[in-house]
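Undergrad: Sequence unavailable; structure follows:
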C-alpha cells in the first residue's frame with residue numbers, strides 16, 4: 001500500500017524561556033531548537049520532533065483505548081517505535097515535498113484549487129454538523145455564540161481547521177501528481193495476468209474445498225470469484241418483512257430475554273436465579289405472541305403475492321414490487337446457496353435446497369425476518385471462472401500493487417540519496 005505522507009504536521013516552535021541561573025539547567029527554548037534532522041536543506045528541531053512523537057503516542061493511545069487495550073507510552077519499546085516513526089515521517093515529508101516542488105507538482109491550476117476548496121468546505125461542514133449534533137443538541141446558544149462554541153469544541157476534539165484541510169488537500173493532490181508521473185510507464189503483461197490468474201484459481205479451489213461455505217460469502221460480499229465449487233445454485237426471493245413497529249417490538253423482547261438469562265447465569269443464589277429464569281420465560285411467551293402478531297400483520301400481503309405467483313406473474317417483477325430485502329439491489333442475480341452454506345438461516349437454506357427444478361418457486365417460508373417466496377433461478381457450473389470475466393478486476397489489482405511497489409521503492413531511493421543527518425541522541 002502506498003506510503004501515506006504525514007504532510008499535515010503542525011511544525012510550530014514554542015519559544016518558552018526558562019527561569020533560573022544554574023549552569024546545569026537547560027534553556028528550554030534553546031533545547032527545543034536543537035537540530036535533530038537535517039535533510040534536503042531543511043532542519044527539524046527537537047521541539048518539532050517531540051511534537052510529532054507526542055502526536056503518534058496520542059494516536060495509538062486513542063486506537064488502543066477504542067479496542068479496550070492499554071497503551072504504555074513510557075515503555076522503552078513504545079518510545080523507540082514512536083521516535084522512529086516520527087523521524088521517518090518527517091524525512092519522508094521533506095524529501096517528497098522537495099520532489100514535488102522540483103517537478104512543479106505543487107503548482108495548482110485555478111480549476112484544481114477551486115475543486116479543492118469546494119471539497120474542503122464540504123468536509124469541514126460535515127465535521128461542524130457532527131460536533132453540533134453530538135455536543136450542542138438542545139443547547140441554548142444561538143447565532144454567533146453557538147458558532148464560536150462549536151468551532152472551539154472542534155479544536156478540543158482535534159478536528160482540523162479549514163486552513164489545515166486546505167493544506168492537506170493541496171499536498172495530497174501534489175503527491176498524486178508525483179505518483180502518477182513516477183508510475184506512468186507501469187503495465188501488466190498478458191503473461192503476468194495469466195500467471196496470477198492460474199494462481200488465484202488454484203488458491204480459490206483449495207479454499208472452497210476446505211470450506212465450501214465461504215464461496216457464497218465471497219459472492220455476497222462482492223469478492224472477485226475465480227473458482228466455483230460444486231453443489232451451488234442461485235436463488236431469488238421475495239421477502240415480505242415485518243413492519244418496523246413489529247420488528248422493534250421483537251428486537252426489544254429478545255434483548256430483555258438476553259438480559260434476564262444473563263442475570264440467571266450470574267445470580268448469587270438459587271432464588272435470584274429462579275426469579276430471573278421465570279421472568280425470561282414470561283418474556284419468551286410475550287415474544288412468541290409478538291411474532292405471531294408480526295406474521296398476522298403481513299399475512300394479507302403474503303396472500304396477495306402467493307396469488308400472483310400462482311397466476312403465473314413474472315417473479316422478477318414481483319421482486320421489484322414487493323421485496324423488502326435490502327441486499328437484493330446489490331445481488332440482482334440472487335444468492336448462491338448449497339447444502340454446505342452456513343450464512344443463511346436454516347429455514348431459508350432448507351427451502352432453497354428443497355426445490356427440485358430450475359424455475360420452481362417455494363410456498364411461503366417463515367423466518368425471523370418475515371415471509372419468503374424463493375425461486376430456484378439457476379445452477380452454478382463448477383470450475384474456474386473464465387479469464388475474460390475476471391481480467392479487468394485482476395489487472396486493476398495487479399497494476400495498483402505494481403505501481404505502489406515502484407513508487408515506494410523510488411521514494412526509498414530518494415530518501416537514501418538525500419543522506420539525512422539524524423541526531424537521535426539529542427532527543428534524550
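TA: Yes, it's here. Keep in mind that this is a model prediction, so the values were computed, not measured.
Undergrad: shaky segments in the protein?
TA: 1-26 (pLDDT under 70).
Undergrad: Please parse it into its domains.
TA: Using automatic domain parsing, the domain ranges for the chain come out as 1-103, 111-182, 190-229+387-423, 231-381.
Undergrad: want to throw those into a markdown table with mean neighbour count?
TA: Placement of C-beta: from N, CA and C, glycine included. Shown next, in a markdown table, are the domains of the chain (neighbours: other Cβ atoms under 10 Å):
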| stretch | mean neighbour count |
| --- | --- |
| domain 1-103 | 15 |
| domain 111-182 | 14 |
| domain 190-229+387-423 | 15 |
| domain 231-381 | 16 |
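Undergrad: How are the helices of the stretch 251-400 of the chain distributed by residue range?
TA: All helices of the stretch 251-400 of the chain, identified by DSSP state H, counting those that start in this stretch, fall at 270-310, 315-322, 346-354, 387-418.
Undergrad: Between those, which one is closest to residue 244.
TA: For those, the distance to residue 244 is smallest for helix 270-310, at 10.8 Å, taking Cβ to Cβ.
Undergrad: by contact count, what packs against the closest one?
TA: Counting contacts by 3 or more Cβ pairs under 8 Å, 6 or more residues apart in numbering; DSSP states H and E, helix 270-310 packs against strand 233-241, helix 244-265, helix 315-322, strand 370-379.
Undergrad: so which of these gets nearest residue 211?
TA: Nearest of the helices and strands packed on helix 270-310 to residue 211, taken as Cβ to Cβ: strand 233-241 at 18.4 Å.
Undergrad: I'd like to know which elements the closest one is packed against.
TA: Applying 3+ Cβ pairs under 8 Å, 6+ apart, we find strand 233-241 packed against helix 270-310, helix 315-322, strand 335-337, helix 346-354, strand 370-379.
Undergrad: Show the secondary-structure elements that the third one is packed against.
TA: Packed against strand 335-337 by the contact rule (3+ Cβ pairs under 8 Å, 6+ apart) you find helix 214-220, strand 233-241, helix 346-354.
Undergrad: rerun that using 6 Å as the cut-off
TA: strand 233-241 (3 or more Cβ pairs under 6 Å, 6 or more residues apart in numbering; DSSP states H and E).
Undergrad: rewinding a little: and of the helices and strands packed on strand 233-241, who's closest to residue 46?
TA: Of those, nearest to residue 46 by Cβ to Cβ is strand 335-337, at 59.4 Å.
Undergrad: one step back: save the helices and strands packed on strand 233-241 as CSV, and put in distance to residue 254 too.
TA: Formatted as CSV, the helices and strands packed on strand 233-241 follow (distance: least, Cβ to Cβ, whole Å):
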stretch, distance to residue 254
helix 270-310, 7
helix 315-322, 26
strand 335-337, 25
helix 346-354, 17
strand 370-379, 15
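Undergrad: of all the ones you listed, which lies closest to residue 57?
TA: Distance to residue 57, taken as Cβ to Cβ, is lowest for helix 270-310 among the helices and strands packed on strand 233-241, at 44.7 Å.
Undergrad: Also compute the angle for the closest one relative to helix 315-322, please.
TA: Relative orientation of helix 270-310 and helix 315-322, computed by axes from the mean of the first three to the mean of the last three Cα atoms, to 10 degrees: 130 degrees.
Undergrad: Check the offset of helix 270-310 from the chain's centre.
TA: Distance of helix 270-310 from the chain centroid (Cα atoms, centre = their mean, to the nearest Å) equals 35 Å.
Undergrad: ditto for stretch 154-161
TA: Once both centres are worked out by Cα atoms, centre = their mean, stretch 154-161 turns out to sit 22 Å from its chain's centre.
Undergrad: can you list the residues that contact it?
TA: With Cβ atoms under 6 Å, 6 or more residues apart in numbering as the contact definition, stretch 154-161 has outside contacts at 127, 131.
Undergrad: sorry, back to before: between the helices and strands packed on helix 270-310, which gets nearest to residue 69?
TA: Within the helices and strands packed on helix 270-310, the stretch nearest residue 69 is helix 244-265; the backing value is 24.3 Å (Cβ to Cβ).
Undergrad: between the helices and strands packed on strand 233-241, which gets nearest to residue 173?
TA: Closest to residue 173 of the helices and strands packed on strand 233-241, according to Cβ to Cβ: strand 335-337, at 41.4 Å.
Undergrad: ok, the closest one: who's next to it in the sheet?
TA: Its sheet considered, strand 335-337 pairs with strand 233-241 (antiparallel) by DSSP bridges.
Undergrad: what angle sits between the strand it pairs with and helix 346-354?
TA: Relative orientation of strand 233-241 versus helix 346-354 (the same axes, to 10 degrees): 140 degrees.
Undergrad: could you give the angle of strand 233-241 to strand 370-379?
TA: 160 degrees.
Undergrad: Give me the angle between strand 233-241 and helix 244-265.
TA: Using the same axes, to 10 degrees: strand 233-241 against helix 244-265 is 100 degrees.
Undergrad: if we can go back for a sec, just send the helices and strands packed on helix 270-310 back as CSV, with distance to residue 197 too.
TA: Formatted as CSV, these follow (distance: least, Cβ to Cβ, whole Å):
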stretch, distance to residue 197
strand 233-241, 24
helix 244-265, 44
helix 315-322, 33
strand 370-379, 24
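Undergrad: Which among those is found nearest to residue 428?
TA: Of the helices and strands packed on helix 270-310, the one closest to residue 428 (Cβ to Cβ) turns out to be helix 244-265, at 51.5 Å.
Undergrad: Of all the helices and strands packed on strand 233-241, which one comes closest to residue 421?
TA: strand 335-337 (59.1 Å).
Undergrad: Identify the residues contacting the closest one?
TA: In contact with strand 335-337 (Cβ under 6 Å, 6+ apart) are residues 216, 219, 232, 234-235, 349, 352.
Undergrad: Stretch 294-302 now?
TA: Contact with stretch 294-302 is made by 240, 242-243, 246, 364, 371, as judged by Cβ under 6 Å, 6+ apart.
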